[in-house]
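# okay, structure incoming, though there's no sequence with it:
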């Protein structure tokens, strides 16, 4: 695997990103980078599944949306009837608890989906994940008592943090949200790196390349796939939570298929199965739409996406990061 | 040691083993020969747990093992080198060897065994940090054999160990198989090259369409007229 992640320039990159709001405090740029960052966290989580275990989850947005709703509902509080005279009521909770709930709920559904879906692989798994996301979107649309359906959940509180000397501060400025997303992205990156470089990560790579051989050396393939899905879903849930408390309003469109497609494109163009792939792909595909804004109509942008995707698959099938790393190796 | 009695198994509704009965005794080198599609590889997969038997009895040291997961069968001392791609191409040579010892917890023993494998296959030591996919076909086969031995099996099963190798390497592989048996490990081998397999083995089973149709010592099968006609004649 690429050893790029161990080179200290990666910390230089993080430092540069962290200093950006001080050097260049343009709220528009920060807003674009913040949304891109949220999707990069999603792409990092998808890469664990798609890049390392080789399973294409086309319903990845389900975990993102679950995280967004779980986090929003916990922080807003809810009062919902489950039938049979059972009511579940919870008052508004601190946002950090919502963040934890997002990870737990998304991870829990990841476990459930993994247990159900990995009885089948390949195309069947892809179809199951697509259906899973669609079902959740239907639930979000129609369970109005809980989700407000298409009327959206509004007034979601912003993230708040305890800062020394200032007490609990709501992160409402662009720069504060930017730093929060950056911090979560760094944590997600480090977590995935830790997993990938462990015994478990080698098992992922092994089962991706040859499942029969992996089983014959004693790898519990289904077990590992479920673990990968739980981790991946949990991180995607964290991204959803960031999204909910950043935009402060969510509706069932957080389950839109196009968000899954965005994450898949980020992973594939950046380089699936490389740690930096989703970061680079996420920066490219997070920033390009905004560079094109005002110059090309949204429909034309989607066509350009499609063309770019095809070009990447044809000319850089392994993605940007592995291609650049390959060039680098040859130069030395 | 290993017994199969009336074992049936298949892929979906296609039955590939229609009641196979055979045994492997301690210290033996047993060959399975037969035409393509006779059920040789399926037999190995069923023994190692990659396929579940639909009927029949599989016993190992008298204990029934039919239907156990591959991991549990490996833990009981049966290693399987499946057909097809033999190594994990993206993992390094050393990581491939470590994969073979996945179920072991004795770190010192694992390291000692890796050293022993490097001693036996010096090419692997030279390439230990390299991705296994960059090795030549012969080197990959050596790595696959070494990996199978890393679990310290009592029975090791090879599926077509000579397939796709240059003639000089084929001899080297058979030499290694002979050494493994001489070192006390029991071997069950599927081999397309029936002539070589029969010369090498103690006993052999000839399979046809999911059945064992003949058994005997290697010499007996080599001498038998129908085996010669069907599998060894015609320039094979």
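Nice, I can see it. Values in this document were obtained by computation on a predicted structure and should not be read as measured data.

# where's the one residue in the stretch 151-300 of chain A that gets nearest to chain B relative to residue A:138, distance?
Nearest residue of the stretch 151-300 of chain A to chain B, counting by CB to the nearest CB: residue A:218, 4.2 Å away. Where you see a C-beta, it was placed from the backbone N, CA and C, and this is true even at glycine. From residue A:218 over to residue A:138 the distance is 41 Å, taken as CB to CB, to the nearest Å.

# those two: which has the busier surroundings?
In this view residue A:218 and residue A:138 are compared by other CB atoms under 10 Å in any protein chain shown, and residue A:218 has more residues nearby, 22 against 12.

# quick one, what contacts the more buried one?
B:70, B:71, B:74, B:75, B:102, B:103, B:151 (CB atoms under 8 Å, 6 or more residues apart in numbering or on different chains).

# check residue A:158 too.
A:95, A:170, A:171, A:172, A:177, A:245, A:246, A:248.

# run the last query once more with 6 Å
The neighbours of residue A:158, taking CB atoms under 6 Å, 6 or more residues apart in numbering or on different chains as the test, are A:170, A:171, A:172, A:245.

# sorry, back to before: so what's the residue of the stretch 151-300 of chain A closest to chain B closest to, chain neighbours aside?
residue B:71 (4.2 Å; CB to CB, 6 or more residues apart in numbering or on different chains).

# coming back round to it: just the buried ones among the contacts of residue A:218, please.
B:70, B:71, B:74, B:102, B:151 (16 or more other CB atoms under 10 Å in any protein chain shown).

# out of these, which one has the weakest pLDDT?
Across those, the bottom pLDDT score, 90, is held by residue B:102.

# look up how far residue B:187 lies from it.
21 Å.

# so what secondary structure elements neighbour the one helix or strand residue B:116 maps to?
Per DSSP states H and E, residue B:116 falls inside helix B:107-120. The contact analysis (3 or more CB pairs under 6 Å, 6 or more residues apart in numbering or on different chains; DSSP states H and E) places helix B:107-120 against no helix or strand.

# tell me the buried residues in that helix?
B:110, B:113, B:114, B:117, B:118, B:120.

# could you do stretch B:207-224 as well?
For stretch B:207-224, by 16+ other CB under 10 Å, it's B:207, B:210, B:211, B:212, B:214, B:215, B:216, B:218, B:221, B:222, B:224.

# centre of the chain to that stretch, how far?
Stretch B:207-224 sits 18 Å away from the centroid of its parent chain (CA atoms, centre = their mean, to the nearest Å).

# just checking, which helix or strand succeeds the helix or strand in which residue B:43 is found along the chain?
For residue B:43, the enclosing helix or strand under DSSP H and E is helix B:40-48. Remark: after helix B:40-48, the chain's next helix or strand is strand B:55-60, criterion DSSP H and E.

# quick check: angle from that following strand to helix B:40-48?
70 degrees (axes from the mean of the first three to the mean of the last three CA atoms, to 10 degrees).

# so what sits opposite the residue nearest the centre of chain B in the bridge?
The structure's chain B has its C-alpha centroid closest to residue B:158; by CA atoms, centre = their mean the separation is 1.6 Å. Beta-bridge partners recorded for residue B:158 (DSSP bridges): residue B:81, residue B:189.

# contacting residues around residue 146?
Reading this off chain A. Per CB under 6 Å, 6+ apart, neighbours of residue A:146: residue A:80.

# let me rephrase: I mean chain B.
B:117, B:121.

# that one: what secondary structure?
Look at residue B:146: counting by DSSP: H, G, I helix; E, B strand; the rest coil, its state is helix.

# same check, this time on residue B:17
Quick answer, by three-state DSSP: residue B:17 is strand.

# neighbours of it, just the number please.
Quick note: residue B:17 (other CB under 10 Å) scores 28 neighbours.

# ok, now residue A:119?
11.

# over to residue B:4?
23.

# pLDDT-wise, which helix or strand of chain B ranks last?
helix B:225-227 (a mean of 73; mean pLDDT, DSSP states H and E).

# tell me where the chain has strands.
Chain wasn't specified; assuming chain A. A:78-83, A:86-90, A:160-163, A:167-170 (DSSP state E).

# should've been chain B
Using DSSP E, strands in chain B cover B:2-11, B:14-24, B:29-34, B:55-60, B:63-64, B:78-81, B:155-159, B:186-190, B:203-208, B:211-217.

# let's have these in TSV, adding distance to residue A:90 and mean pLDDT.
Shown next, in TSV, are these (distance: least, CB to CB, whole Å; pLDDT from 0 to 100):
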stretch	distance to residue A:90	mean pLDDT
strand B:2-11	51	93
strand B:14-24	55	92
strand B:29-34	64	93
strand B:55-60	54	94
strand B:63-64	52	94
strand B:78-81	53	94
strand B:155-159	57	95
strand B:186-190	61	95
strand B:203-208	65	92
strand B:211-217	66	91
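
# thinking again about what came up before, adding distance to chain A, write the buried residues of stretch B:207-224 out as TSV.
Output for these, formatted as TSV (distance: CB to the nearest CB, whole Å):
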residue	distance to chain A
B:207	21
B:210	20
B:211	24
B:212	23
B:214	28
B:215	26
B:216	29
B:218	27
B:221	28
B:222	31
B:224	33
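
# between all of these, which two are separated the most?
Taking every pair in those and measuring CB to CB, the maximum separation is 23.7 Å, between B:210 and B:222.

# so, low pLDDT: which residues of the chain?
All of this is about chain A. The model of chain A has pLDDT under 70 over residues A:1-7, A:332.

# sorry, I should have been clearer: chain B.
B:230-236.

# can you pull the residues of it lying near chain A?
Neighbours of chain A within chain B, by CB under 6 Å from any CB of the partner chain: B:48, B:50, B:70-71, B:74, B:80, B:82, B:85, B:88-90, B:95, B:99-100, B:102-103.

# widest-spaced pair of the residues you listed?
Checking the residues of chain B next to chain A with CB to CB, the most distant pair is B:48 and B:90, at 23.1 Å.

# what about these two, which has more around it?
residue B:48 (24 against 17).

# next up, the contacts around residue A:227.
No contacts exist for residue A:227 under CB under 6 Å, 6+ apart.

# which bits of chain A sit near chain B?
A:202, A:205, A:206, A:209, A:210, A:212, A:213, A:215, A:216, A:217, A:218.

# go again with 8 Å.
Contact residues (CB under 8 Å from any CB of the partner chain) of chain A with chain B: A:1, A:202-203, A:205-206, A:209-210, A:212-220.

# what's in contact with stretch A:282-300?
A:32-33, A:35-37, A:39-40, A:43-44, A:262, A:265-266, A:269-270, A:301, A:304-305, A:320.

# go again using 10 Å as the cut-off
A:17, A:28-29, A:31-44, A:47, A:185, A:262-263, A:265-267, A:269-270, A:301-305, A:308-309, A:312, A:320 (CB atoms under 10 Å, 6 or more residues apart in numbering or on different chains).

# excluding its backbone neighbours, what's nearest residue A:259?
residue A:61 (4.3 Å).

# and residue B:11, how many neighbours?
Around residue B:11 there are 10 residues (other CB under 10 Å).

# what's near enough to touch residue A:173?
A:21, A:25, A:27, A:30, A:158, A:179 are the contacts of residue A:173 under CB under 10 Å, 6+ apart.

# oh, that last question was meant for residue B:56, not what I typed.
Residue B:56 touches B:4, B:5, B:6, B:7, B:8, B:9, B:17, B:19, B:20, B:21, B:46, B:66, counting by CB under 10 Å, 6+ apart.

# and the residue of chain B nearest chain A?
Counting by CB to the nearest CB, chain B gets nearest chain A through residue B:71, at 4.2 Å.

# quick one on the thing from earlier: and the residue nearest to residue A:259, what does it touch?
A:42, A:46, A:68, A:129-130, A:132-133, A:136-137, A:236, A:240, A:254-263.

# of those, grab the buried ones for PyMOL.
Burial among the contacts of residue A:61 is assessed by 16+ other CB under 10 Å; the matching PyMOL selection reads:
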select buried, chain A and resi 42+46+68+129+130+132+133+136+137+236+240+254+255+259+260+261+262+263
